[in-house]
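In: what's the 3D shape of this:
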Amino acid sequence: QVQLVESGGGTVQAGDSLRLSCADSERTFRRNSMAWFRQAPGKEREFVAAVTWSGDRAYYADSVKGRFTIYRDAAKITMYLQMNNLKPEDTAVYYCSARYDPSGVYYYTTTSDAEFWGQGTQVTVSS
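Out: Next up is the predicted model:
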């Protein structure tokens, strides 16, 4: 069973940076495709960024392209989201997710495709 644990959220000012982490605490070493989603108050959960198990391909929502970078460590245990030039509209609870992918090259961008979720971490950006 994959157990995802997020960390790194906080309160920052517009233009600042944060790095979120998501670790597979059970270290299942399964081939998991992973993604970040976020949910602002009163809004639906939305796709932010995705990365394949291999780590060599990444995908981004248009709203974060050029500012956020998703990547994972060589051991495939931890996934990161580097967020630069944060804006007030980035304020949300950020969730990491995973889906088993034996091919190693799959990615997903919808909540219905995620199999496992973390508990979420709050990111607040003040203007």
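
In: what about the nearest residue to Tyr59 once chain neighbours are set aside, distance to Lys43?
Out: With sequence-adjacent residues excluded and distances taken as CB to CB, 6 or more residues apart in numbering, Tyr59 is closest to Ala50, at 4.7 Å. Just so you know, the C-beta spots here come from the backbone N, C-alpha and C atoms, and that holds for glycine as well. With distances taken as CB to CB, to the nearest Å, Ala50 is found 19 Å from Lys43.

In: who's more crowded, the two?
Out: Ala50 (25 against 9; other CB atoms under 10 Å).

In: how about the more buried one, secondary structure?
Out: The local conformation at Ala50, judged by DSSP: H, G, I helix; E, B strand; the rest coil, is strand.

In: tell me what it is bridged to.
Out: Following DSSP bridges, Ala50 is listed with bridge partners Ala35, Tyr59.

In: is it true that it touches Tyr108?
Out: Yes: if you go by CB atoms under 8 Å, Ala50 and Tyr108 touch, sitting 6.2 Å apart.

In: quick one: common contacting residues for those two?
Out: Taking CB atoms under 8 Å, 6 or more residues apart in numbering as the contact rule, Ala50 and Tyr108 both touch Ser33, Ala35.
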